[in-house]
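Sequence and computational prediction follow.
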Amino acid sequence: MSVNVPSNGTPFWEKTMSEAKHNLQLLVLKHGQKRVMVRRQRSYNLMLDTACKYFPGIPRDLITLQTNQLDICGGYYVDITAEIWEDVVDLLNVVEVTRAQITLPIPPPLYTQWPVPSPDNQSAPNQVHRQNSSTKNDDKITIKVVFPSGEIRSANISRTVRVDELLAEASDILGRRPTDIKAVWDGSIMRDDRSIGSYNIEDGDSINLQAGPLCFAKPVIYLHSPSDIDVSVKLSLIPEWSLSVIYPIVPMDEHRQHLEWNVRTHQDGSLTEHNSGLHVSYLFWEAKTNLQVFPRSPASKPPPADTFNPITSSLDDTDSIVIPVDKVTVYLDNALKVLGLHTEARTSFITYWLPSILKHEYIALRFVPQAAYERAASLNISPQPDVVTRVCMLFKGICKEHLANWPNAQMQAENDVAWWVDVVGVDPTRAGDVTLFRVLEWGGVEVLI
């Protein structure tokens, strides 16, 4: 590295010292996947106020500041108390913001009597066995449970607790079925019938909860051709998905991930399915997620960044828009129109999702890039269409208290909806050309976490 004096005449070492002095005034607060650079507050209470401002999802009286950066921590996350805050604040660059330690399972009375497996280990997962009240506390460890949203909760639990029991309690918090959630530790999915202590989990370790969207709902495929033609439509899904419903009904492979429709198109947009003779407006499919395939193995290569994964894909402040629920229908109609959906498709799309949307105060939504979506649910159509338009929307409800976490998404909602054309990668002009053989598909996923 060169040590010459820069052109501005300021030696590098002077610049470095200046930056170091400036850095002493700053601190990074971290919670889940979110990091915020803030002023370094010497007052513990002011630091809590700052954390509460940027992480409003945690009540102020439950906020705990932690660090693992000091040698005395031994690599574990340790609570920073108000008494020693001023002594350590200048030694830290990053502070973990967590909820105050809670006891799982919830409600508290269950905590002192964790379910444990029977001696022969043959009990069904939903059978409950209670610990003897004389059980000692020295068999307990403190773990960090990382929820799909990135929220971290500490839990002091017995090593005899089974994984399925931990998932049952987490499911109450998430509002999901236990079977829709998997626990991941050290890169692999934990078996439901094993105890926490049967793994090499140490005090302070993290267990990540994975929960994908329940299903990809009502994807419908329209085929529009300038003349009547016979068409083969093959749909293939990645292992994270399995087909749950299709119409018209045709044979599928044993894993319910591949199928083929053979239809004849008509100039009015309707289709005739050859095997059944059904006359339909479109082809229909739905799929459910397969959590057991995630991850495939600790050594498996991560998927490309531009691949849509129905289990891990979500929304954040950088790729979505957030709007009040009473503005969603107009926004969607405008966005779907620029993406190439005709009037009937837009109406069907909005009315299908409207009951789910109206349950919330605000909605975060985004459209998945078509190329990424294609890798997850590929269409092979013969003869080859002139233009294919595939629109997949992800959305989730946002409560008013969490709007502070979505500043960019709220500003993006004020921009022209035409920006989605480049995001999705469609050609709306060709999609509306009636002289071409055109394929249009729409569908969506409500992210419930």
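Great, that's in hand.

Count the residues that sit near residue 38.
Counted with other C-beta atoms under 10 Å, the neighbours of residue 38 add up to 15. Quick note: C-beta positions are derived from backbone N, CA and C, even for glycine.

looking at it, it is touching residue 25, isn't it?
No. Using C-beta atoms under 8 Å, residue 38 is not in contact with residue 25, being 10.0 Å away.

Give the residues shared as contacts by the two.
Common neighbours of residue 38 and residue 25, counting by C-beta atoms under 8 Å, 6 or more residues apart in numbering, are absent.

Next, count neighbours for residue 196.
24.

Looking at this protein, which helix is longest?
Secondary structure assigned by DSSP state H gives helix 343-357 as the longest helix of the chain.

And it, what does it pack against?
strand 215-224, helix 328-338, strand 387-398, strand 438-446 (3 or more C-beta pairs under 8 Å, 6 or more residues apart in numbering; DSSP states H and E).

Report the angle between the helix or strand just after that helix and strand 387-398.
Once the chain leaves helix 343-357, the next helix or strand it forms, by DSSP states H and E, is strand 362-367. Angle, strand 362-367 to strand 387-398, by axes from the mean of the first three to the mean of the last three C-alpha atoms, to 10 degrees: 160 degrees.

So what's the model's average confidence on strand 362-367?
Averaging pLDDT along strand 362-367 yields 95.

Would you list the strands that it pairs with, along with their directions?
strand 321-324 (antiparallel), strand 387-398 (antiparallel) (DSSP bridges).

closest one to residue 47 among those?
strand 387-398 (26.6 Å; C-beta to C-beta).

okay, the closest residue in space to residue 163 that isn't next to it in sequence: pLDDT?
Spatial nearest neighbour of residue 163, chain neighbours left out: residue 190 (4.7 Å); criterion: C-beta to C-beta, 6 or more residues apart in numbering. On pLDDT, residue 190 comes in at 84.

repeat for residue 136
41.

What's the local residue count around the nearest residue to residue 370 once chain neighbours are set aside?
Leaving aside its sequence neighbours, residue 370 sits nearest to residue 425 (C-beta to C-beta, 6+ apart; 4.7 Å). Neighbour count of residue 425, defined by other C-beta under 10 Å: 16.

residues contacting residue 425?
Contact analysis of residue 425 by C-beta under 8 Å, 6+ apart lists 369-371.

TSV please, covering these and showing neighbour count, secondary structure and distance to residue 239.
Listed next are the contacts of residue 425 as TSV, based on neighbours: other C-beta atoms under 10 Å; DSSP: H, G, I helix; E, B strand; the rest coil; distance: C-beta to C-beta, whole Å:
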residue	neighbour count	secondary structure	distance to residue 239
369	20	coil	21
370	19	helix	21
371	13	helix	19
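
can you list the residues you listed in TSV and add distance to residue 198?
Listed next are the contacts of residue 425 as TSV, based on distance: C-beta to C-beta, whole Å:
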residue	distance to residue 198
369	42
370	44
371	42
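
Residue 197 is nearest to which of the strands paired with strand 362-367?
Nearest to residue 197 among the strands paired with strand 362-367 is strand 387-398; the distance by C-beta to C-beta comes to 35.4 Å.

Hey, what's the angle from that closest one to strand 438-446? Just curious.
10 degrees.

Which is the succeeding secondary structure element to strand 387-398?
helix 407-412.

buried set for that following helix?
409-410, 412 (16 or more other C-beta atoms under 10 Å).

Export only the CA atoms of that helix, formatted as PDB.
Taking Å, rounded to 0.1, in the frame of the first residue of the first chain, the C-alpha atoms of helix 407-412 are listed here in PDB:
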ATOM      1  CA  PRO A 407     -39.000   4.600   5.200                       C
ATOM      2  CA  ASN A 408     -37.700   3.900   1.700                       C
ATOM      3  CA  ALA A 409     -40.600   1.600   0.800                       C
ATOM      4  CA  GLN A 410     -43.100   4.300   1.700                       C
ATOM      5  CA  MET A 411     -41.200   6.900  -0.400                       C
ATOM      6  CA  GLN A 412     -41.100   4.400  -3.300                       C
END
